[in-house]
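Peer 1: One predicted model, sequence on top.
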There are 2 protein chains.
Amino acid sequence: MSVGRLRRQAVAIFRAAVAAADPAAAVERQLRPIDFSSYRDIYVVGAGKAGASMAAAAERVLSKRVTEGLVNVKYGHVAKLKRIEVNECGHPVPDGAGVAGAERIAEIAARAGRGDLVLCLISGGASALLPLPGAPVTLAEKQEATRLLLACGADIHEFNAVRKHLSRIKGGQLARLAWPARVEALLLSDVIGDDPAVIGSGPTAPDASTFADVARILEKYRITRRMPAGVLRRLRQGLRGEVEETPKPGDRTFRDVRNSIVGSNRLALKAAARRARQLGLRTLVLSSEVQGETREIARMHAAIAREIARSGNPLKPPACVISGGETTVTLRGKGLGGRNQEFVLAAAMDICGLAETVVFSAGTDGTDGPTDAAGAVADGSTLARNPNAAAYLDNNDSYHYFQALGDLVKTGPTLTNVMDVRLILVGG
Amino acid sequence: MSVGRLRRQAVAIFRAAVAAADPAAAVERQLRPIDFSSYRDIYVVGAGKAGASMAAAAERVLSKRVTEGLVNVKYGHVAKLKRIEVNECGHPVPDGAGVAGAERIAEIAARAGRGDLVLCLISGGASALLPLPGAPVTLAEKQEATRLLLACGADIHEFNAVRKHLSRIKGGQLARLAWPARVEALLLSDVIGDDPAVIGSGPTAPDASTFADVARILEKYRITRRMPAGVLRRLRQGLRGEVEETPKPGDRTFRDVRNSIVGSNRLALKAAARRARQLGLRTLVLSSEVQGETREIARMHAAIAREIARSGNPLKPPACVISGGETTVTLRGKGLGGRNQEFVLAAAMDICGLAETVVFSAGTDGTDGPTDAAGAVADGSTLARNPNAAAYLDNNDSYHYFQALGDLVKTGPTLTNVMDVRLILVGG
């Protein structure tokens, strides 16, 4: 098998992964089998970068059954719909348009009653696109609290605990507003592990964290005193029981709530594996939950490529190993690149000289870092074409390394995001 | 399946890997099928930490057929033999005893002629245990050159190129001394990739590097002028052709030379996989060539463990994923630990809460860093038993974390070394 053919196969496998994460197709797939005839009113709400196409798909399925609807989307990510309003707002920094939209979404949910359905469409970016600070916190105060947490290195769970308790809609509170209506939440996951409580800060999922946890987290990082006044007042009110807690697991709120992951990295990798097998490749999905420092994760992938070539483990060639998730890059240099391009550059160094071995990585959203590429592709002869790889890697300049070789992968925006897809292909 | 049972299975699988790397058994396995009757004289030479037990095994097979023999071993790593002399010398810092032994090994090889066999036994540590500086370089000068290279961050290939050209026995030169005798080299590999030119700096393998390469490497790191006088004189002589080059691939030297990997990480993992399958586990060997920063490699392994538990990929439970090679640790803290213990600590953080999931890592030599443990073992409830893992990891203090939990793996010295074995076990 030629390396050129392996490269084309990698692109085809990646495209299959992206197609499986298409938000509109995912929503249609989920909704088509449902019988909506017994519901009185059907409300559609939601937020996220894929909000417009998810809403359009919902309209296609539900048509005139939609009583009213509103989704918050990023500026420019619009679609012309008949019954569901598409509200453009700020992302990644939330703005007043976002608050106004979230307020109306809360009102719609509150209006829904017994016998009604609230269809909730959540995708990447929903956290910033559904900003509804709980009184007396202002949007600016909430952002300042977030900034302080970020600076002190809080982890994602701590972050979410705080965020949910400063909000009036997150942490299951949208579902509580909708109660006793039935809630169908369709989630397009862009987070590792696909936890509904984490995706978009879980507006329709139970929240196990408490105001007491928030107080402990602020103490742990010694930032209690630096918190804005409104945040501290809400925290005190919460601790005294004057502000209602987020609904907990087992709460009646969730009796008629269903959270469904309609698109995710795991589902995308599954589709990629199906395509790879169709192409005649022995195929293995390693993990959809890969995280860690990009260049080290790349070395591990390259070690697997070498093992395949040398011993036929974990697969005999022709073989395809697939992984997903999202790695991080610790910036040291001043070059241009993204985690996918850096992954391929670091892996290329470790597969140097291997015949019929291809490494591919790209973001399913079609963008990688601040570049116009989705990722890159390399093979065992890439280093020979430009041996200076280490210098480019040191400078985090993977974009220019692959640009000169013509090995950038460009797809344009795909209008979805389920993190990254990495491929190792070994022919023979 | 209980976590306790999975932990016991991990230990059993590790023991199978170590047993497969037993140097004496490996030498016997390789020599038993060979017909030695047609050889005139049989000489046994060698160096390495496993030298004594490899030589003892050779004596068991060859018995009185051994004409003469000498192996250089580390102080204390001795065995009482009848025909092969065991010479103790300095490691990791070479000493005069090592040079004296290497000199006699060169003489033995030179004495062997047509119709004779030189059996060469190489194991971990052979590079330091076979020091024979080429004139006019002194041992002290060679060590100084090595120290300078280390300090400037030269890679293993650059290192070996320099080392071989300052030596009179490495880089295939032992094989050239033995020519036209036949050479059987049995190599117990402790390096990633098992390249005979890298193991013990390749005394019986062709060397593609040249004096001109050495000059370029010293220039690249701007250390030419800081090199000791003897090193510079040898380099100038080599560049003028006054010192013979190391024998190159295709040289007649290697016509009757056979380099055989008798023990390696790859072979150990194969034995581990066999044992895991006997225990009823679906089993996958990921790679024997894993390198990179330990804690990041651990995250990747944990991601695979989570995927197995959540989606049945790459294996359905009960499953065992095996990897080998050797990672590195960038020291940041002042604690006690080793790469295997640190691997298990970092992985434990990422498998927290997973039922029936065990992570294991240990060095096949029975030691891990400057500790009395070979490695450690953890499961999904380890973090609950001591949630303070991040602090221990930050301080590189994995030993004390696992010591308090009783989760260190201790085997004592195994008298072999084929790097590390890592295991992920998921029951169910």
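Peer 2: Now that the structure is in, tell me what you want to look at.
Peer 1: Show me which residues of the stretch 251-400 of chain A sit near chain B.
Peer 2: Counting by C-beta under 8 Å from any C-beta of the partner chain, the stretch 251-400 of chain A comes close to chain B at A:266, A:269, A:284-293, A:295-297, A:299-300, A:303-304, A:306-307, A:310-311, A:313-314, A:323, A:325. Bear in mind the C-beta positions are built from the backbone N, C-alpha and C, glycine included.
Peer 1: Buried subset of those as a ChimeraX selection?
Peer 2: Here is the ChimeraX selection string for the buried members of these, based on 16 or more other C-beta atoms under 10 Å in any protein chain shown:
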select /A:266,269,284,285,286,287,288,289,290,291,292,293,295,296,297,299,300,303,304,306,307,311,313,314,323,325
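Peer 1: now, which of the residues of the stretch 251-400 of chain A next to chain B lie within helices?
Peer 2: A:266, A:269, A:295-297, A:299-300, A:303-304, A:306-307, A:310-311 (DSSP state H).
Peer 1: farthest-separated two in the residues you listed?
Peer 2: Greatest spacing in those, by C-beta to C-beta: A:Arg266 and A:Arg310 (29.7 Å).
Peer 1: which residues does A:Val93 contact?
Peer 2: A:Val93 is in contact with A:Ala128, A:Gln143, counting by C-beta atoms under 8 Å, 6 or more residues apart in numbering or on different chains.
Peer 1: Go ahead and list the helix or strand containing it.
Peer 2: Assigned by DSSP states H and E, A:Val93 belongs to no helix or strand.
Peer 1: what's the spacing between it and A:Ala26?
Peer 2: 28 Å (C-beta to C-beta, to the nearest Å).
Peer 1: you'd agree A:Arg422 is in a helix?
Peer 2: No: applying DSSP: H, G, I helix; E, B strand; the rest coil, one finds A:Arg422 to be strand, outside a helix.
Peer 1: count of neighbours near it?
Peer 2: By other C-beta atoms under 10 Å in any protein chain shown, 27 other residues sit near A:Arg422.
Peer 1: A:Val344 - how many residues pack around it?
Peer 2: 32.
Peer 1: just the one 10 residues further on next, same as before
Peer 2: Under the neighbour criterion other C-beta under 10 Å, A:Leu354 is assigned a count of 19.
Peer 1: contacting residues around it?
Peer 2: A:Leu354 neighbours (C-beta under 8 Å, 6+ apart): A:Ala305, A:Arg306, A:Ala309, A:Gly380, A:Val426.
Peer 1: which of the residues you listed count as buried?
Peer 2: Here, 16+ other C-beta under 10 Å leaves A:Ala305, A:Arg306, A:Ala309, A:Gly380, A:Val426 buried among these.
Peer 1: Tell me the spacing between the residue nearest to the second one when sequence neighbours are not counted and B:Glu158.
Peer 2: Leaving out its chain neighbours, the residue that sits closest to A:Arg306 by C-beta to C-beta, 6 or more residues apart in numbering or on different chains is B:Glu289, at 5.0 Å. B:Glu289 sits 20 Å away from B:Glu158, taking C-beta to C-beta as the criterion.
Peer 1: mean confidence score for the host helix or strand of A:Ala109?
Peer 2: When elements are assigned from DSSP H and E, A:Ala109 belongs to helix A:96-111. Mean per-residue pLDDT for helix A:96-111: 98.
Peer 1: what's near enough to touch the residue nearest to A:Arg306?
Peer 2: Contacts for B:Glu289 were tallied using C-beta under 8 Å, 6+ apart; they are A:Ala303, A:Arg306, A:Glu307, B:Ile192, B:Gly193, B:Gly324, B:Gly325.
Peer 1: same thing but at 10 Å, please
Peer 2: A:299-300, A:302-307, A:310-311, A:350, B:191-194, B:265-266, B:323-326, B:419 (C-beta atoms under 10 Å, 6 or more residues apart in numbering or on different chains).
Peer 1: Same question for A:Arg83.
Peer 2: Per C-beta under 10 Å, 6+ apart, neighbours of A:Arg83: A:42, A:44, A:55, A:58-59, A:62-69.
Peer 1: List the single closest residue to A:Ala389 in space, sequence neighbours excluded.
Peer 2: Nearest residue to A:Ala389, sequence neighbours excluded (C-beta to C-beta, 6+ apart): A:Met349, at 5.1 Å.
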